[in-house]
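Q: no sequence for this one, just the structure:
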Ligand code: A3P
């Protein structure tokens, strides 16, 4: 596949053609959200697959059936991707859905529904590193070039789903009130049971400590890595080449320290700070 064929442009955003089509985008725009739907919104490489594990378990009180029998892309499909149309009729309520979309691309029914949103944000320095390796392994994404070249693409938004800062700003400005909660990937890495409790409270689930511990165990990096329904091992090598990198690669906070030079760090900070300088919100991490 040539680089031109790898992406389509949708409202100015690059979307991989491997998973998106004009039909899937139309289906997303016409999708009818239900009040009890739960949507996890995640900029790519910030914990999407993790939420595809977490949400069914929180919503089903720790029942493992879904995560052990249905691949993540069908159990918690992407709003904008081609699989949704194929599986939506089989999804039992309450449904969990993920999306990489910015707020302004949500369909009309999202705005009139009471569907709740969990926005997962990850330190953009680690998003960049994770994305760099993902572009190496993913046959359906363009070659990232050197780390330095990829950093420029990321900062300029010449990557799938555009600029990290635009994505964050769109959801921070959404004014969804108590329909949205923000959580960080780092919070989940540091204390998953506590993060699960926070999400379960937000979703109105009253889960016992035993259930939280059970969910935490099944959503750990190690357990997910050995779950064939969650580790992408079923995806053909032409799409995801595990010899180049693993999808569940490191699963830590702070790997950027092994990749950024001091000049790159200064460049990265300066661009992100400039793009957020007039914002009323602050980032939960220092970019130093
Ligand atoms: P790394 O490449 O830094 O390891 P996404 O699903 O949005 O594409 O994000 C992928 C990133 O989330 C990868 O980061 C992956 O390892 C990490 N991830 C997925 N499940 C995880 C888990 N249970 N614990 C920690 N990190 C996880």
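A: Alright, I've got the coordinates. From a predicted model like this one, the values you see are computed outputs, not experimental measurements.

Q: Residue of the stretch 51-200 of the chain nearest the ligand, please.
A: residue 130 (3.3 Å; CB to the nearest ligand atom). Every C-beta, even on glycine, is put in place using the N, C-alpha and C of the backbone.

Q: Buried residues in the strand or helix carrying that residue, which are they?
A: Here residue 130 is covered by helix 124-137, with elements defined by DSSP states H and E. Judged by neighbour count (16 or more other CB atoms under 10 Å), helix 124-137 contains these buried residues: 124-135, 137.

Q: Same check on stretch 108-127?
A: 110, 113, 115-127.

Q: Could you tell me the end-to-end distance of that stretch?
A: The straight-line separation of the ends of stretch 108-127 (CA to CA, to the nearest Å) is 30 Å.

Q: What parts of the stretch 1-150 of the chain come near the ligand?
A: Contact residues, the stretch 1-150 of the chain versus the ligand (CB under 6 Å from any ligand atom): 42, 44-50, 126, 130, 133.

Q: Which member of the buried residues of helix 124-137 is positioned nearest residue 88?
A: Nearest to residue 88, judged by CB to CB, of the buried residues of helix 124-137 is residue 134 at 26.4 Å.

Q: need the contact list for that closest one.
A: Residue 134 is in contact with 44-45, 141, 245, 247, counting by CB atoms under 8 Å, 6 or more residues apart in numbering.

Q: Greatest separation within the residues you listed: which pair is it?
A: Maximum distance among the contacts of residue 134 (CB to CB): 14.7 Å, for 44 and 245.

Q: Near residue 288, how many other residues are there?
A: Residues contacting residue 288 under the criterion other CB atoms under 10 Å number 5.

Q: Can you give me the distance of it to the ligand?
A: As judged by CB to the nearest ligand atom, to the nearest Å, residue 288 and the ligand stand 20 Å apart.

Q: thinking that residue is in contact with residue 269, fair?
A: Yes: the pair residue 288 and residue 269 qualifies as a contact (CB atoms under 8 Å) at a distance of 7.2 Å.

Q: would you turn the contacts of residue 134 into CSV with pLDDT?
A: As requested, the contacts of residue 134 are exported to CSV (pLDDT from 0 to 100):
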residue, pLDDT
44, 98
45, 98
141, 98
245, 96
247, 97
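
Q: So which of those sit within helices?
A: Assignment to helices by DSSP state H places none of the contacts of residue 134 there.

Q: now the helices for the stretch 1-150 of the chain?
A: Using DSSP state H, counting those that start in this stretch, the helices of the stretch 1-150 of the chain run over 3-6, 22-29, 48-59, 65-69, 72-75, 83-87, 108-112, 124-137, 147-156.

Q: before we move on, back to that, once you drop chain neighbours, what's closest to the residue of the stretch 51-200 of the chain closest to the ligand?
A: Of all residues not flanking residue 130 in the chain, residue 45 sits nearest, at 4.0 Å (CB to CB, 6 or more residues apart in numbering).

Q: All set, thanks.
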